[in-house]
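1. take this sequence and fold it.
(one chain, ligands or ions: 1)
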Amino acid sequence: MFLGTSSFQKGILFFRNISKISAMSQYHTLKIENSKEFVYSVQLNRPEKANAMNKTMWLEIGKCFNELNENTDCRVIVLSANGKYFTSGIDLFDLMNLGQEVANHDDIARKSKVLRCFIKTYQDCLTAIEKCDKPVLTAIHNGCIGGGVDLVSAADIRYCTDDAWFQLKETEIGMAADVGTLQRMQKSIGSMSTFNELAFTARKFHSKEAKSIGFVTQVYDTKESMLENVMNIASNIASKSPVGVQMTKRSIIYSRDHTVQEGLDHIADWNQTLLQSEDFIKASMAVATKDKNPIFSKL
Ligand SMILES: CCC/C=C/C=C/C(=O)SCCNC(=O)CCNC(=O)[C@H](O)C(C)(C)COP(=O)(O)OP(=O)(O)OC[C@H]1O[C@@H](n2cnc3c(N)ncnc32)[C@H](O)[C@@H]1OP(=O)(O)O
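-> Model (predicted):
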């Protein structure tokens, strides 16, 4: 009797936990949809302010990617934006409010502490994209300015429309970019010299140049055709073993930041376990038997 009750309670708890994992929080500046099986769409959603990244948006980006990392219904994320612009970068009115908060302190150490906390918090919000084990594909249209470049630099694959343009605008507003562009974008394009020019001059660069320097993978004529194609690419990735895909993302990022030998050791340490996963057997069998739709458990 007691045993029966406790098993029942365990069952209820199990299902409660599952539904907790899949349910997403409410967001004010992001629109989140489960667009296709195992594919989530995250849209910047402050179109009336050109998707300027205010404090709420920064914090919600961090929270959302942390949540999607834990969500076993999510295997791939497509990040896009609603409205005329992808994003106009950091909300300049928010920056003025921050200036006010800093001004409330007289002492340089206290002022500095407020600023450091602000920078580190915003850095962590974008790093959540990189720490999310699920591949993040960005679909960029029209203007992608300042903080927007930091944002898309943290993603795994970038696509854009023909009308897209980018601007590392920070030097123009009297600062050095501090939330990831200088660290990540330089590693994702072919030429350090070109990257330096873009960062120092803050000149706009358009879709064709973005493609030619390797910052984006593909340029599409319209936003509609971009989203359709990117969703199909996302579905393709989502059909693969989640063990294989998520570990591949981790290994790519780890290897980017370490020596070749460290990268090799890292993947050997993980694969000594993951090669024993059911996914490896299922996927190998599917290839051997020409089964095009192997079913993988949630991860
Ligand atoms: C620790 C964190 C560090 C992060 C650093 C990040 C740095 C950066 O992001 S630097 C880049 C800052 N952004 C800019 O300088 C862009 C400023 N905006 C523009 O140049 C234009 O608005 C834009 C070209 C994007 C669009 O021009 P358009 O004429 O088509 O529209 P507007 O009427 O100008 O804008 C529409 C409404 O959106 C508001 N808005 C636009 N950008 C911002 C912004 N960055 N911050 C706050 N609000 C913005 C604009 O005020 C309009 O609102 P309303 O007047 O209420 O209609």
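2. can you pull the pLDDT of the residue of the stretch 101-250 of the chain found nearest the ligand?
-> The minimum distance from the stretch 101-250 of the chain to the ligand, using C-beta to the nearest ligand atom, falls at residue 146 (2.2 Å). The C-beta positions use only the backbone N, C-alpha and C, and glycine is treated the same way. Taken from the predicted model, the pLDDT recorded for residue 146 is 98.
3. state the distance from the closest residue to it other than its chain neighbours to residue 139.
-> Here the nearest residue to residue 146 in space, its sequence neighbours aside, is residue 89; by C-beta to C-beta, 6 or more residues apart in numbering that works out to 2.9 Å. Residue 89 sits 18 Å away from residue 139, taking C-beta to C-beta, to the nearest Å as the criterion.
4. look at the two and report which has more neighbours.
-> More crowded of residue 89 and residue 139, by other C-beta atoms under 10 Å: residue 139, with 30 against 25.
5. sorry, back to before: from memory the residue nearest to residue 146 sits against residue 51, does it?
-> No: the pair residue 89 / residue 51 is not scored as a contact, 9.1 Å apart, by C-beta atoms under 8 Å.
6. who touches both of the two?
-> Counting by C-beta atoms under 8 Å, 6 or more residues apart in numbering, the contacts common to residue 89 and residue 51 are residue 148.
7. hey, where'd the strands end up in the stretch 151-299 of the chain?
-> Taking DSSP state E, counting those that start in this stretch, the strands of the stretch 151-299 of the chain run over residues 157-161, 165-167, 205-206, 218-220.
8. would you turn those strands into TSV with distance to the ligand, mean pLDDT and mean neighbour count?
-> Conversion of the strands of the stretch 151-299 of the chain to TSV gives the following (distance: least, C-beta to the nearest ligand atom, whole Å; pLDDT from 0 to 100; neighbours: other C-beta atoms under 10 Å):
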stretch	distance to the ligand	mean pLDDT	mean neighbour count
strand 157-161	16	98	24
strand 165-167	7	98	23
strand 205-206	14	98	16
strand 218-220	20	98	17
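9. for the residue nearest to residue 146, give me its contacts.
-> Residues near residue 89 by C-beta under 8 Å, 6+ apart: 52-53, 145-148, 169.
10. that older thread, let's have the strands of the stretch 151-299 of the chain in TSV, adding distance to residue 74.
-> Supplementary listing: these in TSV, determined by distance: least, C-beta to C-beta, whole Å:
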stretch	distance to residue 74
strand 157-161	16
strand 165-167	27
strand 205-206	32
strand 218-220	23
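11. residue 101 is nearest to which of those?
-> strand 165-167 (27.0 Å; C-beta to C-beta).
12. and residue 260, how far from residue 254?
-> Plainly put, residue 260 is 11 Å away from residue 254 if you go by C-beta to C-beta.
13. who has more neighbours, these two?
-> Higher neighbour count among residue 260 and residue 254: residue 254, with 15 against 8, using other C-beta under 10 Å.
14. how many other residues sit next to the residue nearest to the more buried one when sequence neighbours are not counted?
-> Take residue 254 and drop its neighbours on the chain: the residue closest to it by C-beta to C-beta, 6+ apart is residue 266, 5.0 Å away. For residue 266, the neighbour count with other C-beta under 10 Å is 15.
15. residue 266 and residue 257 touch, don't they?
-> No: distance between residue 266 and residue 257: 10.4 Å, which falls outside the contact criterion (C-beta under 8 Å).
16. quick check: residue 206 touching residue 164?
-> Yes: Residue 206 is within contact range of residue 164, at 7.1 Å (criterion: C-beta under 8 Å).
17. give me the nearest residue to residue 184, chain neighbours excluded.
-> Taking C-beta to C-beta, 6+ apart as the measure, residue 184 lies nearest to residue 153, with 4.1 Å between them; neighbours along the chain are not counted.
18. likewise for residue 205?
-> The shortest distance from residue 205 to any residue that is not its chain neighbour, by C-beta to C-beta, 6+ apart, is 5.5 Å, and that residue is residue 166.
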